[in-house]
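> fold the stuff below for me.
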Amino acid sequence: MKTLSILAFLLIGTGTAFSQSRKTESSKGVEQSDNKKIVQVEGVGHKLSYTLSGGTVEVAGGDNTVTVKGSAKKISVSGTGNTVYIDRVDKIMMEGGNNTIYYRTSGTKSGKPDASLTGVGNRVVRQ
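You can find the predicted model right below:
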């Protein structure tokens, strides 16, 4: 019994420490920082919209659809079947499979974002 209560105390303490490390958190695994410069989406099946000006977008999980009005310096996507729509992006990093980022423009000289794609079926498409 004593061992069980110590184990429960350690698990609760660890969970509290991790939950305090994020600025804004929800039970759905979705977050946007207080300064509105970081959008993080974690989990499966989220359909979300944000407004961003020059920050970063991080999507991890599966079958998420994220729409961003505005611009991001960098988008990172990992997992499977995620889709991101954004007005403007400069750098893209994708890992996993069948992820797609749709963008309208980029701030790079070529007009295309710098992209690093790892995995199968990942695409970057200009709208």
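> let me know the average pLDDT across the regular element (helix or strand) spanning Arg88.
Counting by DSSP states H and E, the element that carries Arg88 is strand 83-97. Strand 83-97 carries an average pLDDT of 98.
> give me the buried positions along that strand.
Thr83, Val84, Tyr85, Ile86, Asp87, Arg88, Val89, Asp90, Lys91, Ile92, Met94, Gly96 (16 or more other Cβ atoms under 10 Å). For the C-beta atoms, the positions are set from N, CA and C on the backbone; glycine is no exception.
> thought Thr105 was touching Asp87?
Yes - between Thr105 and Asp87 a contact is recorded at 7.1 Å, counting by Cβ atoms under 8 Å.
> partner strands of the strand holding Arg88, with direction?
strand 65-80 (parallel), strand 100-105 (parallel), strand 114-120 (parallel) (DSSP bridges).
> quick one: low-confidence residue ranges for the chain.
For the chain, the stretches flagged by pLDDT under 70 are 1-36.
> return the distance of the closest residue to Leu117 other than its chain neighbours relative to Gly79.
Spatially, and ignoring its direct neighbours in sequence, Leu117 is nearest to Met94 (4.9 Å; Cβ to Cβ, 6 or more residues apart in numbering). Met94 is 10 Å from Gly79, where distance means Cβ to Cβ, to the nearest Å.
> mind checking how far Ala60 is from Lys109?
30 Å.
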